[in-house]
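Colleague: Below are the sequence and a predicted model; questions follow.
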Amino acid sequence: MVDVVKNEVLAYRSVKQLLGKKYNLLNRQRQQQQRLSHERHKAQKRNAPNSFGESELGQYVDRLLADAIIAIAKTYQAGSIVIPELRYIREQISSEIQSRAEKKCPGCKEAQKKYAKEYRKSIHRWSYGRLIENIKSQAVKAGIAIEIGTHSIRGSSQEKARDVAVFAYQERQAA
């Protein structure tokens, strides 16, 4: 939650805080994705059919997150919710992962590659598009406007969230 006029963060919630007692569902979903990915990999090695379907757990977790986000927006009487533009997110995430790998393992290219590969696996399992659609549908029901903001590359997740909201506000003022 950002007050764009004062350029300050009013509230920040992590995924764990948003899900609360149901955070264990996210861990269960991640474990399920990892297990299914492994099963698909084994099936591909055997040239066997590999159409392992996933449960609706991911969709449920996304709905819970969207509900929590809308509840916070209502609490602070937000005029709009700004969603980061996903058009160039893969490139941005790739550069961020490379930067993290270089910081984590300076001077060791093999360790950087291994770190980046593991980090990429965890990042790309999340369905951002599905989460955003859930947020949009819940916002429409609550009568809260949705805006698209440019996603910044630098800074912490809190700074990025603030920057996306401020940029969307500035774009709205310029229009």
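Modeller: That came through, no problem. Numbers count the residues shown, from 1 in each chain.
Colleague: From here on, just use CA atoms for contacts and neighbour counts.
Modeller: Will do.
Colleague: for stretch 130-145, which positions count as buried?
Modeller: 131-132, 134-136, 138-139, 144 (16 or more other CA atoms under 10 Å).
Colleague: What score does the most centrally placed residue in the chain have for pLDDT?
Modeller: In the chain, the centroid-proximal residue (CA atoms, centre = their mean) is Tyr128; its distance is 5.6 Å. Model confidence at Tyr128, given as pLDDT, is 80.
Colleague: mind pulling up the phi and psi values for Glu102?
Modeller: Per-residue torsions, Glu102: phi -70, psi -40 (degrees, to the nearest 10).
Colleague: ok, it - contacts?
Modeller: Gln112 (CA atoms under 8 Å, 6 or more residues apart in numbering).
Colleague: hmm, try it at 10 Å
Modeller: When contacts are counted by CA atoms under 10 Å, 6 or more residues apart in numbering, Glu102 touches 96, 108-109, 111-113, 115-116.
Colleague: Show the pLDDT at it.
Modeller: Glu102 is given a pLDDT of 84.
Colleague: cool, Ile72 as well?
Modeller: pLDDT at Ile72 comes out at 93.
Colleague: what does Lys45 give?
Modeller: Taking Lys45 on its own, its pLDDT is 85.
Colleague: I'd like to check which residues are in contact with it.
Modeller: By CA under 10 Å, 6+ apart, the neighbours of Lys45 are Glu39.
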